[in-house]
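S.K.: Next input, structure requested:
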Amino acid sequence: MTKPTGRGRRAGDTVETPGAFRGRVRAWLDANAPRKGEPGDFSAAHLVSAGTPGGYRLREREALGVTMAWQGRLFDAGFAGRSWPREYGGAGAPAWQVRGMATRGDLVRRGIGRALLAYTVAALDVEDGPRLLWCTARVEALGFWQREGWTVASDVFDIPDVGPHRVMRRVL
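M.R.: Residues are numbered from 1 along each chain as shown. Sure, this is the predicted structure:
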């Protein structure tokens, strides 16, 4: 079910194989996911069927409550925040950080960054490897990362002497 972990992990750590993890998630969902029409069923929110703005706001609050409760259950079961460090309540699952990604100013918009990133992602997309990639990206480069399939995962923060950044993530 488990095997020793690879480079960058602590000695003694083990990681669940993808097949074992999928089986555990399926079993948990079979036992815990709300069935259609039951309390907690996401499809029961029907926000668009509200007849008035007040009705919409009421249904929106109800839907938010259902969603937050479900996210809490997923988190408590260890299926949310998987790559967060254990000390912050996550599962401590591995993730790759892409670092030092930049193209010299006179060479931008020639496909060099795209080619380097594509090569990097392909090299990291290995069986039983981490499924989460992340990086800190300059705000001015967010469009590049988003075009390459990455999503914004943080508010803007400043790196002194470098400028505003956001955390970006991509799941393989």
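
S.K.: Next one, pLDDT for Arg24 please.
M.R.: On the pLDDT scale, Arg24 is placed at 88.

S.K.: How many residues are close by it?
M.R.: If you count neighbours by other C-beta atoms under 10 Å, Arg24 ends up with 15. The way it works is simple: take the backbone N, C-alpha and C, and place the C-beta from them, glycine included.

S.K.: any idea which helix or strand carries it?
M.R.: Per DSSP states H and E: Arg24 is located in helix 18-32.

S.K.: so how far is that helix off the chain centroid?
M.R.: Mean C-alpha position of helix 18-32 versus that of the full chain (C-alpha atoms, centre = their mean, to the nearest Å) differs by 19 Å.

S.K.: buried stuff in it?
M.R.: Using 16 or more other C-beta atoms under 10 Å as the test for burial, helix 18-32 gives Phe21.

S.K.: Likewise for stretch 165-172?
M.R.: For stretch 165-172, a neighbour-count test (16+ other C-beta under 10 Å) marks His165, Arg166, Val167, Met168, Arg169, Arg170 as buried.

S.K.: which residues does the third one contact?
M.R.: Going by C-beta atoms under 8 Å, 6 or more residues apart in numbering, Val167 touches Trp134, Cys135, Thr136, Ala137, Val152, Ala153, Ser154.

S.K.: Alright, I will stop here.
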